[in-house]
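# Let me see the structure of the following:
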Amino acid sequence: MFENRYAFFLFILIPFIILVFILEIFSYKKRVKIIGGTNIDKILPYYSENRNWLKMIVWTVAFIFVILAVARPKWGTETIEATFKGRDVLIVLDTSYSMAVKDIPPSRLDAAKIAIEELLKSEKGDRVGLMVFSGSAELLVPITTDYSSLAFFLESVYPDMLQKDGTNISNALLTGISSFQDDEPRNKMILLITDGEDLQGEYYSTLNKLKDAGIKVFTVGVGTKNGEPIPMKNNRGEIEGYMKDSSGNYVISRLDEKRLVEIAEATNSSYMRMTGNKNDLRKFVESIDSVEAKESGKEKYEQKKEHYDIFLIPALILFAIGFILGEGKFYNRFKNGNVFTMKSFLVILFLSFTFYSYSNDIEDLSSDIKKDEIVENNLNGGFFGNREFKKGNYNKAIQNYSSANDVLKENDLAKLYYNTGNSYYKLNQFDKAKESYDNALLFAKDDSLKSSIYYNQGLNYFKQQNYSSSKEMFKKSLLLNGSDDDTRYNYEVVSILEKKQQQQQQQQNQEQQQDNQESKNSDEMNEQDKDKMLQALEEKEKNENREEAERNSQRNSNRSRFW
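Just a heads-up that it's a prediction; the model follows:
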């Protein structure tokens, strides 16, 4: 019967208001006796204690009626006939696995659903439909003005609900074209909401069919260019881990805007990147004036009839009676320039609050979106890993940290990889430390944690005398935490060392070139020496042969004489 039941909490104020009235009545009565004494009627002709009590009762009842009016009583039904003029808007929503990524909080899909809900709240006249797609497409809600039923089906949408891998946008758009009730394209538009990743199907042929159909496709990109790993959930919606490729590396899902822009341009439409603001989509659709709105006919619908007036009108009458009852007192105060009392202030404040509450319907601001929470268990691997790390048992710490990989999620998982990297760093296993720090950056949400990761990654490169990479890491840490003096100091140090290293490298290159030239010259000289030596040996050998021939000739000559 009462739509705004929160207004009943205002009844708590009634006893306080009555108490203020009573205190003022007795206080005024005491002052009257002091001033008037036994001649009250002559000195204060407007004073009447009974009239004050009656006015208190009248105004209290008036307050009660105001509260009942603010509670918005409704009963019975009334039929309303409305003429609708608007566009046919088909929302085509991506439900593939990548839409579960949380680079747009609370997730890509949830952010899109919230934006669609805000769009439906502001819709007037447009007929809206809902289609979901991944590897296949399914029309959940045909084109309709029943936004409440569309919101009901929207609430049941979740990642991979169609249980078919991929993102076949071609099939979804073709199915969307055929879902419109007539062939007139002038007032029809498709609102495509996706991260644009891994689009499948006959993409370019679909663009040609969209041009021929004359239906404009406005595209909305959900996600960030840096992206994040894709979470894998169980039947209870809990994150069990993150998707990995065949090499064991985490699969990073990133927003691919190129094809979304192509689709929009091909149909003379426009593209928008969603930032996570729930009003982004509403403002985007409201800004679209290239799709003509036309009269879609008259519709009748029933709603409960408002009856707040049967309480509000008596309340106003009772307030007027209360002022009339205090007319003499009011008149005297007006002449003396002192109209307002504490009671008058409370009355005005109460009326202002109640009418403001009525004009702005009280909404339940609690959200029904389920958020993943990490239940910290003091007996998990992270706890024992930290204990071993403090003892200096870094290998045992790494073993304990590894056992908690499947327990912790998101920012807590980033801290786990961060601690693992610190352990490898202590063991001087710098390559493994770098790998752990890189994994930590994939899941880190907190800027202070990211700053610490970049800082330690800078130290890790510093140990390997890779001053250029170390400088880059310290720079990224400073961008996230500009007040860290240690990081700024390290950045200056590695900048100096980088310059010295470059100078040494240049000097070494010059020395190497000089050594190479000297070696080349030496080789050339050695070749010349070899040639001279060979020539000398050859000349020597010829002389020896000549001398040997001469000796043999002389020996033969002597032998002839002897005989």
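
# Strands of the chain, residue ranges please.
Assigned by DSSP state E, the chain shows strands spanning 74-86, 88-94, 127-133, 137-144, 188-194, 216-222, 228-229, 231-233, 239-242, 252-253, 271-274, 294-306.

# These: which one's closest to residue 549?
Nearest to residue 549 among the strands of the chain is strand 252-253; the distance by CB to CB comes to 89.3 Å. C-betas here are computed from N, CA, C, even on glycine.

# about what we covered before: with mean neighbour count added, can I get the strands of the chain in CSV?
Below are these laid out as CSV (neighbours: other CB atoms under 10 Å):
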stretch, mean neighbour count
strand 74-86, 11
strand 88-94, 25
strand 127-133, 24
strand 137-144, 17
strand 188-194, 26
strand 216-222, 25
strand 228-229, 22
strand 231-233, 17
strand 239-242, 16
strand 252-253, 20
strand 271-274, 19
strand 294-306, 12
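
# Residue 486 is nearest to which of those strands?
Taking CB to CB, strand 228-229 is the member of the strands of the chain nearest to residue 486, at 28.8 Å.

# How about residue 207, nearest residue that isn't a chain neighbour?
Excluding its sequence neighbours, the residue lying closest to residue 207 (CB to CB, 6 or more residues apart in numbering) is residue 266, at 4.4 Å.

# you'd agree that neighbour is up against residue 211?
Yes. In this structure, residue 266 is within contact of residue 211 by CB atoms under 8 Å, at 6.3 Å.

# more crowded one of the two?
Higher neighbour count among residue 266 and residue 211: residue 266, with 16 against 12, using other CB atoms under 10 Å.

# what's the closest of the strands of the chain to residue 59?
Closest approach to residue 59 among those (CB to CB): strand 294-306, 25.0 Å.

# Contact partners for the nearest residue to residue 173 once chain neighbours are set aside?
Once flanking residues are discounted, residue 173 sits nearest to residue 206: 5.6 Å by CB to CB, 6+ apart. Residues in contact with residue 206, defined by CB atoms under 8 Å, 6 or more residues apart in numbering, are 169-170, 173-174.

# Can you pick out the most distant pair from the residues you listed?
By the measure CB to CB, 169 and 174 form the most distant pair in the contacts of residue 206, at 9.7 Å.

# out of those two, which sits in the more crowded spot?
Neighbour count, other CB under 10 Å: between residue 169 and residue 174, residue 169 has more, with 27 against 19.

# surely that one meets residue 135?
No. Here residue 169 does not reach residue 135: they are 10.5 Å apart, not a contact under CB under 8 Å.

# Look up which residues are beta-bridged to the spatially closest residue to residue 291 that is not a sequence neighbour.
Nearest residue to residue 291 in three dimensions, chain neighbours excluded: residue 189, at 4.7 Å (CB to CB, 6+ apart). Applying DSSP bridges to residue 189 gives these bridge partners: residue 89, residue 216.

# Tell me how far residue 425 lies from residue 444.
Here residue 425 is placed at a distance of 17 Å from residue 444 (CB to CB, to the nearest Å).

# what do you get for residue 284?
Between residue 284 and residue 444 the computed distance is 31 Å (CB to CB).

# More neighbours: these two, which one.
The neighbour comparison of residue 284 against residue 444 (other CB under 10 Å) goes to residue 444, with 23 against 18.

# For the more buried one, list the residues it contacts.
So residue 444 contacts 411, 414, 418, 450, 453 (CB under 8 Å, 6+ apart).

# How about residue 468?
Residue 468 touches residue 498, counting by CB under 8 Å, 6+ apart.

# Kindly report the same for the one 5 residues further on.
Residue 473 makes contacts with 454-455, 457-458, 461, as judged by CB under 8 Å, 6+ apart.

# Mind doing that once more with 10 Å?
The contact partners of residue 473, by CB atoms under 10 Å, 6 or more residues apart in numbering, come to 437, 453-462, 466, 487, 490-491, 494.

# what about residue 112, neighbour count?
When neighbours are defined as other CB under 10 Å, residue 112 has 26 of them.

# Quick check: it touching residue 274?
Yes. Between residue 112 and residue 274 a contact is recorded at 7.0 Å, counting by CB atoms under 10 Å.

# hey, what's in contact with both of the two?
Contacts common to residue 112 and residue 274, judged by CB under 10 Å, 6+ apart, are 104, 193, 195, 220, 222, 280-281.

# can you pull out the helices in the stretch 401-550 of the chain?
410-426, 430-443, 447-463, 467-480, 485-562 (DSSP state H, counting those that start in this stretch).

# Run through the neighbouring helices and strands of the third one.
Spelled out, it's helix 447-463. For helix 447-463, the packing partners by 3 or more CB pairs under 10 Å, 6 or more residues apart in numbering; DSSP states H and E come out as helix 410-426, helix 430-443, helix 467-480, helix 485-562.

# highest average neighbour count across these?
Of all these, helix 410-426 has the most neighbours on average by mean count of other CB atoms under 10 Å, namely a mean of 22.

# just checking, what packs against that one?
strand 228-229, strand 239-242, helix 381-391, helix 394-403, helix 430-443, helix 447-463.

# do you know which of the ones you listed lies nearest residue 309?
Nearest of the helices and strands packed on helix 410-426 to residue 309, taken as CB to CB: strand 239-242 at 52.9 Å.

# Would you mind pulling the contact partners of the closest one?
Defining contact as CB under 10 Å, 6+ apart, one finds that strand 239-242 is touched by 100-102, 228-234, 250-252, 372, 374, 405-406, 408-410, 413, 439, 442-443.
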